[in-house]
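Q: Compute the structure for the input listed below.
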Amino acid sequence: MNGGEALVETLASHGVDTVFCVPGESYLAVLEGLRRHANTIRLVTNRHEAGAAFAANGYAKISRRPGIAFVSRGPGATNASIGVHTADQDSIPLVLFIGQIPREEFGREAFQEIDYTAFFGSVAKAVLEPIDPADVARATADALTIAQTGRPGPIVVVLPEDVTEADAGNVVVPHPLAVGSAHASDLQIEQAAALINKAERILIVGGELIKAEAATMKLGAFAESVGAAVVSAFRCQDALNNDHPAYVGLLGLGRPPYLKQAWADADLVILAGSRFDAITSEDFALRDSGKTTIMIHPCHETIAQVRPSFGIAAAVGPTLMALSRATDVPSAVRAAWQADLREAFAAYQADAPEALGAVDMTAVIRHVDSRLSEIDHVVTNDAGNFSTWLHRHFRYRMPDSQAGPMAGAMGYAVPSAVGAAMARDSARVVAFVGDGGFMMTGQEISTAVQNGLKVTVIVCDNSHYGTIMMHQHRYAGAGNYAATELNSPDFEALGAAYGARAWKVETTDAFAAAFDEALAYDGPGLIHVVTDIRDISAAGPLKT
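A: Numbers count the residues shown, from 1 in each chain. This is a model prediction of the structure:
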């Protein structure tokens, strides 16, 4: 058995059934091992390394298992780095395997040589490089374990070409280790419960580890037991069923006045599995607001960064359940405050500025919401102002139904939809992407076609980098825009050229029929929605 075969044997023994790749000559032994294991491990060929890494992200986010991607050295690795950074900021277990130059060429500025520890060291939990064929199986097993331990994140495994091709001897494949987090002590539960019992207006921020731990039901039960209101961290709206009476909205970009007031009024904030990232915390202003805060997170270092009033480094779900048992029955004040916020959330969703263009994105999202509420589904989204309508008007009712980049990476939506569809083939996956983001990685719709995936891509085309234009408007004034106008292709024709069924929507009334046809089609589809740049976001047009 050579090193490449040992790697594949280790993946198989650890339950890995799907890997994404752009093939390269630097890891031919691994590709041969994957060919021999085609009955147990599905090998998905992507069109770009960023697409492979994003697909692995989407797979991991929906399956709650490590996403696996293989790329070649140098340019292949650097192309994939956006997926590593996204996995880091999103707390996603990802293992990126990189084919490397042979050992004898190290340090000689060999063809496509990179110091991967230096390159990935700030965005990966670890960079591992087995230098002996006998070490490959152990490094692979370690990578899978570390990626899932504590705060999940990306691991990079560098594979010298000769290490994967040489004989590894009599390899003993390491068995999978049970991955779990510490449990809160009785004293910690007692102290946190005392803080909860004193509070009258409790706001819970449900974050990415609620999703990772499949703790949605536990979060809902805890909110009910203490009478708290729940907001989701940025792009974690499926942390709690949005129809739950405790759910009151998203701490995202351009948050509404009622949520700003809710934060001001809250006398206790509980960070439940949220690292309280920059968007959720308003560029850390809320971290520094002096609010009494309980943080429940398995990673000591993450808690130390936030510096809450009280931190519990433990698994989130079991801690919430223990606190439910330890706290008093909620007061009428808490229940009334929760109900008022729920009412404000409903009013916010019901309201919408009037569209200036021929396509009303509010109506588009509401139709998608009404149709997907009836079926198993996943929604992915890219970075861009079009996503503000999705965040405001779509209701996430199912666990593992949202995949959006907390890191704000463009090009995420289409390849992550491929990964999500591989993770849950029963689901209809709908990807929302702007014209700019689609031009970065939209070719991955060809991957969806090749694999017959139930993916529907909705391209929101205003022929601009709209978010940047909005920021320029605020910075330099109306009309003072640079580098934001785009010459969009005919996305309908492009989707058809890739082999997907395609539609073009230029009026609001035309969208429902196109989307319903796309849902009825058992394969990839693309809907080109032509929008008006004047409708810059769900908050309304730019102010002059």
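Q: pLDDT of stretch 226-245, averaged?
A: Averaged over stretch 226-245, pLDDT sits at 98.
Q: And stretch 80-87, by the same measure?
A: Throughout stretch 80-87, pLDDT has a mean value of 98.
Q: swap in stretch 463-475?
A: 96.
Q: Which positions in that stretch come out as buried?
A: Ser463, His464, Tyr465, Gly466, Thr467, Ile468, Met469, Met470, Gln472, His473 (16 or more other Cβ atoms under 10 Å). The C-beta positions use only the backbone N, C-alpha and C, and glycine is treated the same way.
Q: Closest one to Ala147 out of the residues you listed, please.
A: Thr467 (30.9 Å; Cβ to Cβ).
Q: residues contacting the closest one?
A: Ala383, Gly384, Asn385 (Cβ atoms under 8 Å, 6 or more residues apart in numbering).
Q: got those as JSON lines, with secondary structure, neighbour count and distance to Ala87 columns?
A: Below are these laid out as JSON lines (DSSP: H, G, I helix; E, B strand; the rest coil; neighbours: other Cβ atoms under 10 Å; distance: Cβ to Cβ, whole Å):
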{"residue": "Ala383", "secondary structure": "coil", "neighbour count": "20", "distance to Ala87": "15"}
{"residue": "Gly384", "secondary structure": "coil", "neighbour count": "25", "distance to Ala87": "20"}
{"residue": "Asn385", "secondary structure": "coil", "neighbour count": "26", "distance to Ala87": "24"}
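Q: from the residues you listed, which single one is nearest Asp522?
A: Using Cβ to Cβ, Gly384 comes nearest to Asp522 of the contacts of Thr467, at 28.5 Å.
Q: which SSE is the closest residue to Thr447 other than its chain neighbours in?
A: The shortest distance from Thr447 to any non-neighbouring residue, by Cβ to Cβ, 6 or more residues apart in numbering, is to Val418 (5.2 Å). Assessed by DSSP states H and E, Val418 sits inside helix 413-423.
Q: Walk me through which strands whichever helix or strand comes after that helix pairs with, and which way each runs.
A: Sequence order places strand 428-434 as the next helix or strand after helix 413-423, per DSSP H and E. Applying DSSP bridges to the sheet, strand 428-434 is found paired with strand 377-381 (parallel), strand 455-461 (parallel).
Q: What lies in contact with the first one?
A: With contacts defined as Cβ under 8 Å, 6+ apart, strand 377-381 is touched by 58, 62, 235, 368, 372, 387, 390, 394, 396, 398, 400-404, 412-414, 416-417, 420-421, 424, 427-433.
Q: now with 6 Å?
A: With Cβ atoms under 6 Å, 6 or more residues apart in numbering as the test, strand 377-381 has contacts from 62, 387, 390, 401-404, 413, 416-417, 420, 427-432.
Q: And the pLDDT at Glu109?
A: Reported pLDDT for Glu109: 86.
Q: What of Ala352?
A: Per-residue confidence (pLDDT) for Ala352: 95.
Q: contacting residues for it?
A: Contacts for Ala352 (Cβ under 6 Å, 6+ apart) come out as Thr362.
Q: from here on, count from 81
A: Sure, I'll start counting at 81 from here, so that last one is Ala432.
Q: next one: phi and psi at it?
A: When read as degrees, to the nearest 10, the backbone of Ala432 gives phi -170, psi 140.
Q: Please report how far it lies from Pro604.
A: Going from Ala432 to Pro604 by Cβ to Cβ, to the nearest Å gives 30 Å.
Q: now swap in Ser265 and tell me
A: 50 Å.
Q: who's more crowded, these two?
A: A count of neighbours by other Cβ atoms under 10 Å puts Pro604 above the other of Ser265 and Pro604, at 31 against 12.
Q: wait, isn't that one in contact with Val535?
A: Yes. With contact defined as Cβ atoms under 6 Å, Pro604 reaches Val535; the gap is 4.9 Å.
Q: shared neighbours, these two?
A: With Cβ under 6 Å, 6+ apart as the test, Pro604 and Val535 both reach Ala528.
Q: picking up where we left off before, save the buried residues of stretch 543-555 as a markdown table, and put in secondary structure and distance to Ala416 too.
A: Formatted as a markdown table, the buried residues of stretch 543-555 follow (DSSP: H, G, I helix; E, B strand; the rest coil; distance: Cβ to Cβ, whole Å):
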| residue | secondary structure | distance to Ala416 |
| --- | --- | --- |
| Ser543 | coil | 48 |
| His544 | strand | 44 |
| Tyr545 | coil | 44 |
| Gly546 | helix | 40 |
| Thr547 | helix | 38 |
| Ile548 | helix | 43 |
| Met549 | helix | 42 |
| Met550 | helix | 37 |
| Gln552 | helix | 44 |
| His553 | helix | 40 |
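Q: could I get these as TSV with distance to Ala190?
A: Output for the buried residues of stretch 543-555, formatted as TSV (distance: Cβ to Cβ, whole Å):
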residue	distance to Ala190
Ser543	44
His544	43
Tyr545	38
Gly546	43
Thr547	40
Ile548	39
Met549	44
Met550	45
Gln552	43
His553	48
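Q: Just give me the closest of these to Ala384.
A: Thr547 (32.2 Å).
Q: where's the closest one relative to Ala463, distance?
A: Counting by Cβ to Cβ - Thr547 and Ala463 are separated by 7 Å.
Q: got it, and Thr158?
A: Thr158 sits 20 Å away from Ala463, going by Cβ to Cβ.
Q: again, but for Gly488
A: The value you get for Gly488 to Ala463, if Cβ to Cβ is used, is 5 Å.
Q: repeat for Ala503
A: Applying Cβ to Cβ, the value for Ala503 to Ala463 is 21 Å.
Q: what's the closest non-adjacent residue to Val610?
A: Glu586 (4.8 Å).
Q: what about the one you found, how many neighbours?
A: Other residues lying near Glu586 total 14 when counted by other Cβ under 10 Å.
Q: just the one 10 residues further on next, same as before
A: The number of residues packed around Asp596, counting by other Cβ under 10 Å, is 12.
Q: Can you list the buried residues in the helix or strand containing it?
A: Following DSSP H and E, one finds Asp596 within helix 588-600. Within helix 588-600, the residues that qualify as buried are Thr588, Ala590, Phe591, Ala592, Ala594, Phe595, Ala598, Leu599, counting by 16+ other Cβ under 10 Å.
Q: As a markdown table, the residues you listed with distance to Val110 would be great.
A: Listed next are the buried residues of helix 588-600 as a markdown table, based on distance: Cβ to Cβ, whole Å:
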| residue | distance to Val110 |
| --- | --- |
| Thr588 | 49 |
| Ala590 | 47 |
| Phe591 | 44 |
| Ala592 | 46 |
| Ala594 | 42 |
| Phe595 | 40 |
| Ala598 | 37 |
| Leu599 | 38 |
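Q: ok so, going back, name the helices or strands packed onto whichever helix or strand comes after the helix holding Asp596?
A: Next along the chain after helix 588-600, taking DSSP H and E as the criterion, comes strand 605-610. Secondary structure elements in contact with strand 605-610, counted by 3 or more Cβ pairs under 6 Å, 6 or more residues apart in numbering; DSSP states H and E, are strand 535-541, helix 571-577, strand 581-585.
Q: Can you tell me which of those is most buried?
A: Ranked by mean neighbour count under mean count of other Cβ atoms under 10 Å, the helices and strands packed on strand 605-610 are led by strand 535-541, which reaches a mean of 29.
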